[in-house]
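Trainee: Sequence below, structure please.
(2 chains)
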Amino acid sequence: MSRLREELEADRFAITAEIVPPKGTNVQETITTARSLWKFVLAININENPHAVMRMSSLAVSRLLVEARMEPVFHVTARDKNRLALQSDLLGAAALGIENVLVISGDHQSLGDHKEAKPVYDLDSVQLLRMITTLMSGRDLAGGALDGTPVFFPGAVVNPQGDIPELEIIKMEKKAAAGAQFFQTQAVYELESFAAFMDQIKHLETKVLAGIVPLKSPRMGRFMNEKIPGIRVPDELIERLEKSSRKEEESLAIARELIAGCRDLCHGVHLMTIGWYDKVERMLADII
Amino acid sequence: MIATKQKPFEEILESLEGEKKIFIVGCGDCASLCHTGGEEEVWEMEEKLVVEGKEVVGTVVIDVACHTLKVRSVFNELKEQIKQADGLLILACGAGVQSATQVTDKTVHPGLDSLFLANIRRHGEFMERCSMCGQCILDITRGICPVTRCAKGLINGPCGGAKDGKCEVDSQRDCGWVQIYERLKERGELDRLRRYQAPKDFQRTVKPGSLILELPKKGIAK
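Mentor: Numbering: from 1, shown residues only, chains lettered A, B, ... in the order given. Next up, the predicted model:
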């Protein structure tokens, strides 16, 4: 059984992080980064063509992690593959010792580096989760019997501070009903509204790992508020960082406070370090 | 109607390379409404081609260029002019171009790019509202199509990429799912959103589509 599943099911606070596969065949740095994170986390998400920028497949890097005795969370994106390719990759993942799977719609290709690409979206994230559940029951999406049934720990994403919370929660309920057993969230910066969100979804039997993105600079905070859907960085945090003479230390202190606050609110945290891989230990200092 | 856009003139010229005598065909229906292949555009195209040294041996605007039988009869009436032409430039959608392909042996050149099935919002403004997916779910969403209005065609709810109600692909474009949500909420029908929508059956839109009605005989004779 996956460690991530084991720990979440045992109600122990889970920590995950994520890395981006290389653009090219040189996997050395990716593996080194994964190793440095591995000391602190239960599983490492391997992004699939994040922001619609073409990179090595999540499946390949996930397997490299398995070979290096680490636990990956394999990303499956609706944008790039139809139901045939999705299912065959999932069967392949199971055969390669990969159990954790994260389902995402995927940023539209017009935001990435292959803008001319044909979008697939044969299935949406809810249908994709249901398809995984179907595979786990020993059947494929067309009803055909599988010779060997895969075991997965399927997860999905949710945005606790989306523009329309009710709409976000309806979709989350559909994902949970379709088989999502854990959720990793968009970056959380306001514990109060996150607590309210957790309260609204307490009827769901699902685990929630709050997204933690270190606020590296006041500029980054303002940029995210303006450009990134569903991220709300409170002005107080931006000001606090602005006033600080030791910005890096202050950023990490903010991350530590958010992580500590999440301990009482949800089931774990998911670290999106955006390059600060080497600072994870300091982010987690209060809880490890 | 079908929304179309005229190809860049350089591209049209390139496709006509080596051909001196050109016959221009427009369409009185969609391409007229789009100002890409009506009387005026056919006339403008004639002028531009003449400036480039081409000889325009004739022009015609067919009522509905996708009506292959009509195109055949118009081409019959004009067969003397068409015979002189090295090639035909068709200012109509891809369906119109292929009506021509079917009824003449002359080289046929498309002058337009076909874009989408369009609603006319007001004069000169065309919006895509239907993708002709073969499985209409407008009943569930109370009349707003997610297959078309969501850039990703998601049918179980939004992707999470919308910001202030606008699509991640274009900050000027409304998120289709926010529109559906608002409509259902207003009507007290949010439960419709909670229903699971199964994956689409793409067998229904295998290319090329064809639809052959079994009409009563007198209907055909007419």
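
Trainee: Phi, psi for residue 142 please.
Mentor: Because you didn't say which chain, this covers chain A. phi -90, psi 0 (degrees, to the nearest 10).

Trainee: To clarify, I was referring to chain B.
Mentor: In terms of degrees, to the nearest 10, the main-chain angles of B:Arg142 are phi 60, psi 50.

Trainee: Report how many residues lie close to the closest residue to it other than its chain neighbours.
Mentor: Among residues not flanking B:Arg142 along the chain, B:Arg183 sits closest, at 5.4 Å (Cβ to Cβ, 6 or more residues apart in numbering or on different chains). Heads up, the C-betas are built off the backbone N, CA and C, glycines and all. The tally of other residues near B:Arg183 (other Cβ atoms under 10 Å in any protein chain shown) stands at 15.

Trainee: Dihedrals phi and psi, B:Arg183?
Mentor: phi -70, psi -50.

Trainee: What score does it have for pLDDT?
Mentor: As predicted, B:Arg183 sits at a pLDDT of 98.

Trainee: For it, list the residues it contacts.
Mentor: Residues in contact with B:Arg183, defined by Cβ atoms under 8 Å, 6 or more residues apart in numbering or on different chains, are B:Thr141, B:Arg142, B:Gly143, B:Ile144.

Trainee: So which bits of chain B are right by chain A?
Mentor: Taking Cβ under 8 Å from any Cβ of the partner chain as the contact definition, chain B meets chain A at B:151-165, B:168-169, B:177-178, B:181, B:185, B:190, B:193-194, B:196-200, B:202.

Trainee: Just the buried ones from those residues?
Mentor: Burial by neighbour count, judged by 16 or more other Cβ atoms under 10 Å in any protein chain shown, picks out B:151-163, B:168-169, B:177-178, B:181, B:193, B:197, B:199-200 from the residues of chain B next to chain A.

Trainee: Which ones among those residues map onto helices?
Mentor: Secondary structure of these is defined by DSSP state H; positions in helices are B:Trp177, B:Val178, B:Tyr181, B:Leu193.

Trainee: Farthest-apart pair in the residues you listed, please.
Mentor: B:Val178 and B:Leu193 (11.6 Å; Cβ to Cβ).

Trainee: biggest helix in chain B, by residue count?
Mentor: Max-length helix for chain B by DSSP H is helix B:39-51.

Trainee: Using CSV, list the CA coordinates for it.
Mentor: The C-alpha coordinates for helix B:39-51 follow below in CSV (Å, rounded to 0.1, in the frame of the first residue of the first chain):
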residue,chain,number,x,y,z
GLU,B,39,-21.6,40.6,-54.1
GLU,B,40,-19.3,43.3,-52.8
GLU,B,41,-16.5,41.1,-51.8
VAL,B,42,-16.6,39.2,-55.1
TRP,B,43,-16.4,42.6,-56.9
GLU,B,44,-13.5,43.7,-54.6
MET,B,45,-11.7,40.4,-55.2
GLU,B,46,-12.1,40.9,-59.0
GLU,B,47,-10.5,44.3,-58.8
LYS,B,48,-7.6,43.1,-56.7
LEU,B,49,-6.9,40.1,-59.0
VAL,B,50,-7.0,42.4,-62.1
VAL,B,51,-4.4,44.7,-60.5
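
Trainee: B:Ile120 versus the residue in the stretch 151-288 of chain A that chain B sits nearest to, what's the distance?
Mentor: Chain B sits closest to A:Lys171 of the stretch 151-288 of chain A, with a gap of 3.8 Å, by Cβ to the nearest Cβ. Remark: distance between A:Lys171 and B:Ile120 (Cβ to Cβ, to the nearest Å) = 33 Å.

Trainee: likewise B:Ala95?
Mentor: B:Ala95 is 18 Å from B:Ile120, by Cβ to Cβ.

Trainee: returning to what we had before: mind listing the shared neighbours of B:Val178 and B:Leu193?
Mentor: A:Leu167.

Trainee: Could you chop chain B up by domain?
Mentor: Following automatic domain parsing, one finds the domains of chain B at B:2-115, B:133-197.

Trainee: Just the endpoints, please. Distance across the last one?
Mentor: One end of domain B:133-197 sits 14 Å from the other (Cα to Cα, to the nearest Å).

Trainee: can you count the residues close to residue 24?
Mentor: Assuming you mean chain A. The burial count for A:Gly24: 8, using other Cβ under 10 Å.

Trainee: ah, I was thinking of chain B
Mentor: For B:Ile24, using other Cβ under 10 Å, the count is 25.

Trainee: pull the longest helix from chain A.
Mentor: helix A:247-262.

Trainee: helices or strands next to that one in the packing?
Mentor: Where contact means 3 or more Cβ pairs under 8 Å, 6 or more residues apart in numbering or on different chains; DSSP states H and E, helix A:247-262 is packed against helix A:191-200, strand A:207-212, helix A:235-243, strand A:268-271, helix A:280-283.
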